[in-house]
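Participant: based on what follows, work out the 3D shape:
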Amino acid sequence: MKILLLLGLILSSFVSMAKVEMKSIYFDKYATKATGLSEGKLETLRELIEQHDFQIIEINSFSSIEGGFEKSKTLSNNRIDYVLGILKIEKGSITINTFGDERVNINFKPLSWNRVDVYYNIETATSIPKNGKVKLVERVDVLEPEELKITSSISGSEARVIPSLNEIVEDRPIIMPIKFLGGTNEILNEDLEYLDHLYKTLEKHSSLKILIRGHVCCDNNMIASKKRAKMVYKYLIEKGIDKKRLSFKGYSNSQPISYPEKNDEDRMRNRRVDVVFSK
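Facilitator: Okay, the predicted model is just below:
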């Protein structure tokens, strides 16, 4: 069946066999909100995604109600929206199947068909990009948070140092020290100051242009990498930077800093947004 074939293709793309696990989220017959026990399972899964960068692979939704296929499918879609909202995941970033009252072959006996199955990867292995090529990035700079601080001798408050034009290196990736909410392109509030620093640098040096590059760890996910780069792009435009000076591109997991990924530190280094300046 479609669901099992898809998972087989996903698993075959890994350098070593990925470990895929699944949680079934159950609903009362006509409900779009999970039962109390399943709601707790969803919250736990969300915490695992945020803390360990587990990769959600696929979400499949079923329902078992009277009223025909369309009504059943509508309920399934509503349940998917609920699950995505709890996990803070955008629809376009993962595979979603709405089965409604259609039944597919599965390798377990469910408690009921009023449920959503969430498949996720917890393997540390690195997958091969679709083009089969990995370009190891060896020369990068990191925008270190502490190096950007300067304390005013008058007010005693801290500010961020804007580099002079001759201090800015062209054509070398500079990693932004920003983190994203697990599974999303939403930047943590405490990291927004680094985007503001980038904006002020571009504002001060009107001749600068930048390419914003999004990267992910673990599995091939071009959509997620592009969305993260685009988020930075949109932020700068909203602040007033001319979009003619900006471009963005997603690289999925094709340009890792650490390869193969052996631990959380390797994955964290590869999961990034960097910028390349040109004058």
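Participant: downstream of the helix or strand where residue 59 lies, the next helix or strand is which one?
Facilitator: Assigned by DSSP states H and E, residue 59 belongs to strand 55-62. Sequence-wise, the next helix or strand downstream of strand 55-62 (DSSP H and E) is helix 69-87.
Participant: flag the shaky bits of the stretch 51-200 of the chain, pLDDT-wise.
Facilitator: 51-54, 122-160, 180-185 (pLDDT under 70).
Participant: who are the packing partners of the strand holding residue 59?
Facilitator: helix 2-12, helix 69-87, strand 95-100, strand 115-121 (3 or more C-beta pairs under 8 Å, 6 or more residues apart in numbering; DSSP states H and E). For the C-beta atoms, the positions are set from N, CA and C on the backbone; glycine is no exception.
Participant: can you do 6 Å?
Facilitator: Contacts defined by 3 or more C-beta pairs under 6 Å, 6 or more residues apart in numbering; DSSP states H and E place strand 55-62 against helix 69-87, strand 95-100, strand 115-121.
Participant: what's the neighbour count on the nearest residue to residue 211 once chain neighbours are set aside?
Facilitator: Leaving out its chain neighbours, the residue that sits closest to residue 211 by C-beta to C-beta, 6 or more residues apart in numbering is residue 276, at 4.5 Å. Per other C-beta atoms under 10 Å, the neighbour tally for residue 276 reads 17.
Participant: hang on, residue 276 in a strand?
Facilitator: Yes. In this structure, residue 276 lies within a strand as judged by DSSP: H, G, I helix; E, B strand; the rest coil.
Participant: would you check that it makes contact with residue 212?
Facilitator: No. Residue 276 is not in contact with residue 212 according to C-beta atoms under 6 Å; the separation is 8.3 Å.
Participant: and residue 194, its phi and psi?
Facilitator: Phi and psi for residue 194, reported as degrees, to the nearest 10, are phi -70, psi -30.
Participant: need the helices and strands packed on strand 55-62 in CSV (columns: distance to residue 231 and mean neighbour count).
Facilitator: Below are the helices and strands packed on strand 55-62 laid out as CSV (distance: least, C-beta to C-beta, whole Å; neighbours: other C-beta atoms under 10 Å):
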stretch, distance to residue 231, mean neighbour count
helix 69-87, 18, 18
strand 95-100, 21, 18
strand 115-121, 23, 22
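Participant: would you tell me which of the ones you listed gets closest to residue 267?
Facilitator: Proximity to residue 267 (C-beta to C-beta) singles out strand 115-121 among the helices and strands packed on strand 55-62, at 11.7 Å.
Participant: helices and strands around the closest one, which ones?
Facilitator: Partner elements for strand 115-121 (3+ C-beta pairs under 6 Å, 6+ apart): strand 20-26, strand 55-62.
Participant: among the ones you listed, which comes closest to residue 188?
Facilitator: Comparing those under C-beta to C-beta, the one sitting nearest is strand 55-62, at 19.0 Å.
Participant: of all the helices and strands packed on strand 55-62, which one comes closest to residue 249?
Facilitator: Of all these, strand 95-100 sits nearest to residue 249, with 23.1 Å by C-beta to C-beta.
Participant: make CSV from the helices and strands packed on strand 55-62 and add distance to residue 186 to it.
Facilitator: Shown next, in CSV, are the helices and strands packed on strand 55-62 (distance: least, C-beta to C-beta, whole Å):
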stretch, distance to residue 186
helix 69-87, 12
strand 95-100, 19
strand 115-121, 19
